[in-house]
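A.B. asks: I would like the atomic coordinates for the input below:
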Amino acid sequence: MPSAFSSSWPLFRSLEGWRLRDFGPDVLAGLTLAAIAIPEQMATARLGGFPPILGFVAFVAGTAGILIFGASRCVSVGADSTIMPIMAAGLAALGAGASVQSAVVLALLVGVLVSLAGILRMGWIANLLSVPVVAGFLLGIAVHIALSQLPAFLGIPSGGHDLLSEASTLASNGSHASIYAVSLGAGVLLVSLISERVSARIPGALIALSAAALAVFLLHLKGHGVAVVGSLGGGLLQPNFPALRLADIERLAPLALLLSVVVMVQTAATSRSFAGDDNAVDIDRDFIGAGAGSLLSAFAGSFAVNASPPRSAALRESGARSQIAGAVAAFAVVALAIFGSSLVAFVPSAGLSGILLFVALRLVQPQRLIEIFRRARAEFLLVLATAAAIVVLPIQFGVAAGILLSLVHGLWTTTRARVIEFERVPGTSIWWPPSREIGGEKVRGVHVIAFQAPLSFLNAHEFRQGVLERLARADASLKLVVLEASSVVGIDFTAGEVIREAMHQASAKGIVLAVARLESLRAQETLRRLGLTDELAGGRLYRSVQEAIDTLAPALGLTDTSLPLSSLFLRAGPSQWTAHRSRRLIKAGCCRSASGAPRPF
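C.D. replies: As a prediction, this is how the structure comes out:
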């Protein structure tokens with residue numbers, strides 16, 4: 001049966017390859033998603049202090065955005081517990097509190113920024129946060145969610161959005177916790193945890209929340225002080241074009257930029273994690289889909305949306321074939337909002353807090369934290385620093401601090417690159433960093449150096465110092481220095497000037513500088529644009545170190561630089577190069593040419 005949708009369409013890319021036989025699996029997956037999303041979207045809206053109906057609006061708008069404009073088949077977009085604490089705290093700091101109008105303007109700005117990033121193909125922005133910083137970020141957000149929901153979980157008054165106030169409230173009123181609220185909240189949390197452990201397809205949160213609402217109704221727990229959701233509040237998908245004022249845009253722009261970065265990072269991570277069977281991922285297109293979701297949410301009177309890894313995982317594990325599954329879930333949410341609003345009247349606030357505590361536990365990712373601690377102790381400090389910044393500082397500043405820490409860490413890693421010397425692997429034409437397993441050999445009169453990072457103004461000084469130090473230490477026999485540049489994926493103007501200076505310094509000492517294995521086309525173009533290619537030894541870039549040596553050695557009076565063919569087979573052994581590896585080298589071209597000169601590997 002032919003596909004119902006063409007890949008040439010500018011819209012509905014997420015339905016590419018969809019066939020009518022996929023409708024059944026998509027319906028079942030959509031109903032599973034609805035069972036998960038209904039309690040989660042209500043709880044997420046409550047986390048920000050908004051009416052539960054706005055969570056439904058955000059889910060429907062986010063689903064429509066990714067369906068129409070996105071590319072991923074399994075990514076679910078809607079109200080998200082990762083960005084909601086940032087949004088709520090940021091609006092509170094600006095004096096807007098849970099103002100729906102401010103949230104709508106903020107959603108509009110986030111939608112424009114994220115969509116524009118996708119249109120301009122700025123998917124690289126998603127790489128601004130390293131894995132340790134993301135882990136610390138999620139840990140800090142989890143602490144925020146837990147502290148903000150514990151008062152409702154215990155059935156005591158809330159202390160506001162400030163964590164210190166919440167902690168003070170818990171300390172002073174914790175002894176007055178309601179046994180009914182705690183029982184309901186703990187029951188919802190426990191059922192959610194157990195059902196997820198058994199199978200992600202089981203809508204544990206919905207089952208637990210329904211049971212809690214039934215208990216409130218049958219046992220008349222409202223008379224015992226148990227707070228309930230009551231009305232959903234407002235209407236569903238009512239057009240609400242935000243009144244834009246320049247003052248509001250200026251006031252909300254920094255928070256919108258911060259939220260946009262978080263949305264892009266999480267959307268990219270989710271798209272990559274739940275790619276289709278063909279592993280095709282279009283991050284930029286999914287940015288447009290997520291941004292369109294926020295725009296639609298704003299025009300429907302709700303807040304910004306984000307991609308959700310847990311809901312996306314539920315879609316994938318439920319056998320979803322396309323975003324039709326998301327559309328089925330959205331229809332189910334609309335039906336509940338229209339025909340079943342009275343069903344949520346008895347949903348206890350403690351039950352929603354139990355769901356949010358369940359979400360917070362999922363954000364912690366203990367296995368990832370343990371792995372970082374075991375394998376990268378220094379980077380684990382980034383986890384702790386990011387989490388501490390988000391917990392101690394106002395959350396919007398803590399998130400900004402986490403992004404800054406990630407950027408500083410990336411810059412520090414780049415600046416830590418140093419010039420190293422390569423050695424030739426015995427019996428081959430391969431030049432490699434010194435290794436204990438394979439003893440290297442050097443060629444008299446030749447130094448092979450490498451710089452294993454992009455060359456830019458950030459590390460150009462270190463490169464210059466490394467080259468000059470080796471020139472200073474060199475004896476009179478040194479005639480040729482070859483830069484093995486396979487790791488140099490980029491060169492900027494500053495680095496180009498440093499390379500020019502190194503060539504002049506080497507030339508003053510009677511030493512020739514050559515560049516080999518510069519595989520990056522971008523770096524090659526930079527060298528040509530700066531006029532450096534013509535100034536290099538031989539006036540060109542060499543495809544291998546051995547090619548550079550064999551080409552330049554005769555003119556420099558260097559001897560014994562060739563590689564005898566027989567030596568390929570002399571050092572085969574269990575701990576070094578085997579005969580099989582030698583045959584691969586010969587097949588790759590490491591043998592003598594008709595003229596007797598060895599061909600480079």
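A.B. asks: show me where the stretch 351-500 of the chain has helices.
C.D. replies: Shown for the stretch 351-500 of the chain, the helices assigned by DSSP state H, counting those that start in this stretch span residues 366-375, 377-392, 395-415, 460-473, 493-508.
A.B. asks: okay, those helices in CSV with distance to Ala135 and mean neighbour count next?
C.D. replies: All C-beta spots, glycine's among them, are computed from the backbone N, C-alpha and C. CSV is the format used below for these (distance: least, Cβ to Cβ, whole Å; neighbours: other Cβ atoms under 10 Å):
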stretch, distance to Ala135, mean neighbour count
helix 366-375, 5, 13
helix 377-392, 5, 19
helix 395-415, 10, 18
helix 460-473, 29, 16
helix 493-508, 33, 17
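A.B. asks: what's the least confident stretch among those?
C.D. replies: Note on the helices of the stretch 351-500 of the chain: helix 395-415 shows the lowest mean pLDDT, a mean of 85.
A.B. asks: in stretch 122-142, what's buried?
C.D. replies: 123, 125-126, 129-142 (16 or more other Cβ atoms under 10 Å).
A.B. asks: roughly how far does Ile288 sit from Ser294?
C.D. replies: 11 Å (Cβ to Cβ, to the nearest Å).
A.B. asks: now Arg529
C.D. replies: From Arg529 over to Ser294 the distance is 40 Å, taken as Cβ to Cβ.
A.B. asks: related to what we said a few turns ago, make JSON lines from the helices of the stretch 351-500 of the chain and add distance to Ala37 to it.
C.D. replies: JSON lines is the format used below for those (distance: least, Cβ to Cβ, whole Å):
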{"stretch": "helix 366-375", "distance to Ala37": "25"}
{"stretch": "helix 377-392", "distance to Ala37": "26"}
{"stretch": "helix 395-415", "distance to Ala37": "25"}
{"stretch": "helix 460-473", "distance to Ala37": "51"}
{"stretch": "helix 493-508", "distance to Ala37": "50"}
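A.B. asks: wait, which of these is closest to Ser178?
C.D. replies: For Ser178, the closest of those is helix 377-392, at 26.8 Å, according to Cβ to Cβ.
A.B. asks: the helices of the stretch 351-500 of the chain: which one's closest to Ala107?
C.D. replies: So among the helices of the stretch 351-500 of the chain, helix 395-415 is nearest, using Cβ to Cβ, at 16.0 Å.
A.B. asks: show me what that closest one is packed against.
C.D. replies: Helix 395-415 sits against helix 84-93, helix 131-154, helix 246-273, helix 377-392, with contacts defined as 3 or more Cβ pairs under 8 Å, 6 or more residues apart in numbering; DSSP states H and E.
A.B. asks: number of nearby residues for Glu421?
C.D. replies: Glu421: 16 surrounding residues under other Cβ atoms under 10 Å.
A.B. asks: that one is in contact with Val448, isn't it?
C.D. replies: Yes - the criterion here is Cβ atoms under 8 Å, and Glu421 meets it with Val448 at 6.7 Å.
A.B. asks: can you tell me the helix or strand for Leu184?
C.D. replies: helix 179-198 (DSSP states H and E).
A.B. asks: what's the angle from the helix or strand following that helix to helix 179-198?
C.D. replies: Heading C-terminal from helix 179-198, the first helix or strand you meet, by DSSP H and E, is helix 204-218. Interaxial angle, helix 204-218 versus helix 179-198 (axes from the mean of the first three to the mean of the last three Cα atoms, to 10 degrees): 150 degrees.
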